[in-house]
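Participant: Next input, structure requested:
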Amino acid sequence: MQLIPAGEFAMAAEYHQDYFEKNPIHFQLYKVGSGRAQFLNSVWKNVPKSCTLKNHGSETH
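Facilitator: Sure thing, here's the model as predicted:
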């Protein structure tokens, strides 16, 4: 597989920035409904808490 340089990066609109903080209820519903929570739990279940990020939308549990 060949790696190629990424194209120009465009920042998301302001209302998308820190969405999990601005819309915590909707984000939690999305996280569970999309399967993201189950995926994160399956991938990170054996990682010590000391190795995970803090304050990122409850992504560490």
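Participant: my read: Phe27 touches His16, true?
Facilitator: No - contact status for Phe27 versus His16: not in contact, 11.5 Å apart, counting by C-beta atoms under 8 Å. The way it works is simple: take the backbone N, C-alpha and C, and place the C-beta from them, glycine included.
Participant: Tell me the helices and strands packed up against the helix or strand bottoming out on mean pLDDT in the chain.
Facilitator: Taking mean pLDDT, DSSP states H and E as the measure, helix 36-44 is the helix or strand of the chain with the lowest mean score, a mean of 89. If contacts are counted by 3 or more C-beta pairs under 8 Å, 6 or more residues apart in numbering; DSSP states H and E, helix 36-44 sits against helix 24-33.
Participant: got the buried residues for the helix it packs on?
Facilitator: Within helix 24-33, the residues that count as buried by 16 or more other C-beta atoms under 10 Å are 27, 31.
Participant: Please state the offset of that helix from the chain centre?
Facilitator: 11 Å (C-alpha atoms, centre = their mean, to the nearest Å).
Participant: any idea what Arg9 is structurally, helix, strand or coil?
Facilitator: Actually, residue 9 is Phe rather than Arg. Here Phe9 is recorded as coil under DSSP: H, G, I helix; E, B strand; the rest coil.
Participant: and it, what does it touch?
Facilitator: If a contact means C-beta atoms under 8 Å, 6 or more residues apart in numbering, then Phe9 has no contacts.
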